[in-house]
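Undergrad: Return a 3D structure for these sequence lines:
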Amino acid sequence: MAEYTKEQFWKLYEKLPEELKDSIFSEETAENIGNICERNKVEGEKISGVAKYTGRVLLGVLPPDEFQTTLEKEVRLKKEVAKKVGQEINRFIFYPVKSSLEELYRVEIAPAAPPTVETPEVKPTPEVETEEPDVYREPVE
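TA: Residues are numbered from 1 along each chain as shown. From the prediction side, this is the model:
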C-alpha cells in the first residue's frame with residue numbers, strides 16, 4: 001500500500017464531502033472502532049491499525065472492498081477476525097456514509113475507454129432499373 005505524507009492526507013481531507021470529514025474525526029466513529037475491536041478481541045497496536053485503515057477508506061485511498069484483505073495483511077488479523085471486524089465496520093461506520101463513499105470512489109475509478117472498432121467502408125449498391133413499375137414506391141409530387 002502506498003504511503004502518504006501528512007500534507008498529502010490533508011489535501012485529500014480538504015476535498016472530501018462534509019459527511020466524510022465529520023465521520024473521520026467523529027467521537028462516535030472512534031467509539032465504534034473501539035467497541036468492534038473489543039468484541040472481536042483485537043488488542044494493543046492492532047486497534048490503531050484498524051483505525052488507521054478505516055480512516056484510509058474514509059479518505060478515499062483504500063477501496064472498501066479491499067478493507068478486509070488489508071486488515072489481514074497489514075494489521076495481521078486472522079481471516080475470521082478480519083472478516084467479522086470488516087463486516088461490523090462496514091455496518092456501523094461505512095454504511096451511514098455510503099452515498100458519500102460511493103461518490104468518492106466513483107470519481108477515483110476512471111471508466112474504461114470504449115473499445116475502438118473499425119467499421120468497414122460500406123459502398124452503396126447501385127440501383128437496378130427494371131421495366132416494371134415499383135408498386136411499393138409512392139409517387140413523388
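Undergrad: surely V61 meets Y4?
TA: Yes: in this structure, V61 is within contact of Y4 by Cβ atoms under 8 Å, at 6.7 Å. For glycine as for every other residue, the C-beta is placed from the backbone atoms N, C-alpha and C.
Undergrad: Need the overlap of contacts for these two.
TA: L12 (Cβ atoms under 8 Å, 6 or more residues apart in numbering).
Undergrad: And the residue nearest the centre of this protein?
TA: Y105 (3.6 Å; Cα atoms, centre = their mean).
Undergrad: Find the helix or strand that that residue is a member of.
TA: Y105 belongs to helix 98-108 when elements are defined using DSSP states H and E.
Undergrad: Now do that helix: which elements does it pack against?
TA: helix 18-24 (3 or more Cβ pairs under 8 Å, 6 or more residues apart in numbering; DSSP states H and E).
Undergrad: helices and strands around the helix it packs on, which ones?
TA: helix 45-59, helix 98-108.
Undergrad: what would the ones you listed look like in CSV with mean pLDDT and distance to T29?
TA: Shown next, in CSV, are the helices and strands packed on helix 18-24 (pLDDT from 0 to 100; distance: least, Cβ to Cβ, whole Å):
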stretch, mean pLDDT, distance to T29
helix 45-59, 94, 8
helix 98-108, 77, 13
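Undergrad: The residue nearest to the centre of the chain is in contact with D65, isn't it?
TA: No: between Y105 and D65 there is no contact, the gap being 9.1 Å when judged by Cβ under 8 Å.
Undergrad: got the contact list for the strand or helix carrying N32?
TA: Using DSSP H and E, the element containing N32 is helix 27-39. By Cβ under 8 Å, 6+ apart, the list of residues contacting helix 27-39 from outside reads 23, 42-43, 46-47, 50-51, 54, 85, 88-89, 92-93.
Undergrad: give me that answer again for 10 Å
TA: With contacts defined as Cβ atoms under 10 Å, 6 or more residues apart in numbering, helix 27-39 is touched by 22-24, 26, 42-44, 46-51, 54-55, 58, 77, 81, 84-89, 91-93, 96-97.
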